[in-house]
Structure formats: structure tokens, C-alpha cells
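Chemist: One predicted model, sequence on top.
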Amino acid sequence: MTESHTKLLDLLGKNISFSVIRSDEIMQFFPNGILESGTVEAVLIHLSGNHEILVGDVFYSLNEIEMK
């Protein structure tokens with residue numbers, strides 16, 4: 001999850017680095033997750049609260065990333 005003081009829309013246009021937290025099988029080989037970085041190009045705000053950001057060509061759910 002991102003830092004609690006980070007506002008979702010504040011990430012737009014920012015260059016960020018984060019670790020992608022995946023399944024337990026992948027975590028065996030990458031205990032710190034998979035490091036990604038890039039510019040946030042879009043933000044999807046879901047009514048369910050499971051928001052996403054677009055970095056490069058991939059959407060990342062905020063509950064599967066940890067900001068660095």
C-alpha cells in the first residue's frame with residue numbers, strides 16, 4: 001500500500017519508484033518484491049476503494065505496491 005499521507009491525484013505526472021508485491025511463489029525468489037519505476041500517466045479511482053495507477057503500459061493496484 002502507498003504511504004497514507006500520499007493523495008492519489010498528487011501522483012499524476014510524478015516519477016515514482018515502488019515495489020510490486022505479488023504472489024507467495026514469486027516472493028520466494030524476490031522477497032522485496034519486484035522494483036519498478038516510471039511516471040504515473042493515469043489514475044483509476046474505483047468506488048470499491050481498490051484504486052490503480054498506470055505506469056508505462058501496466059496498471060498497478062495500490063494494494064499490491066509499496067512506495068520506495
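Modeler: That came through, no problem. Numbers count the residues shown, from 1 in each chain.
Chemist: Can you list the residue ranges for strands in this protein?
Modeler: 15-20, 34-44, 52-55, 58-61, 65-67 (DSSP state E).
Chemist: tell me the average confidence for the second one?
Modeler: So that's strand 34-44. The predicted model assigns strand 34-44 a mean pLDDT of 92.
Chemist: worst-scoring helix or strand of the protein, pLDDT-wise?
Modeler: Using mean pLDDT, DSSP states H and E, the weakest-scoring helix or strand in the chain turns out to be helix 24-29, at a mean of 72.
Chemist: Let me see the residues that make contact with it.
Modeler: 21, 33-34 (C-beta atoms under 8 Å, 6 or more residues apart in numbering). The way it works is simple: take the backbone N, C-alpha and C, and place the C-beta from them, glycine included.
Chemist: and those residues, which are buried?
Modeler: Among the contacts of helix 24-29, those classed as buried by 16 or more other C-beta atoms under 10 Å are 21, 33.
Chemist: Tell me the one among the contacts of helix 24-29 nearest to Asp10.
Modeler: Ile21 (21.6 Å; C-beta to C-beta).
Chemist: tell me the phi and psi of that closest one?
Modeler: phi -90, psi 120 (degrees, to the nearest 10).
Chemist: doesn't Gly33 make contact with it?
Modeler: Yes - the pair Ile21 and Gly33 passes the contact test of C-beta atoms under 8 Å, sitting 4.8 Å apart.
Chemist: Among the strands of the chain, show me which one is buried the most.
Modeler: When the strands of the chain are scored by mean count of other C-beta atoms under 10 Å, the highest mean neighbour count falls to strand 52-55 (a mean of 20).
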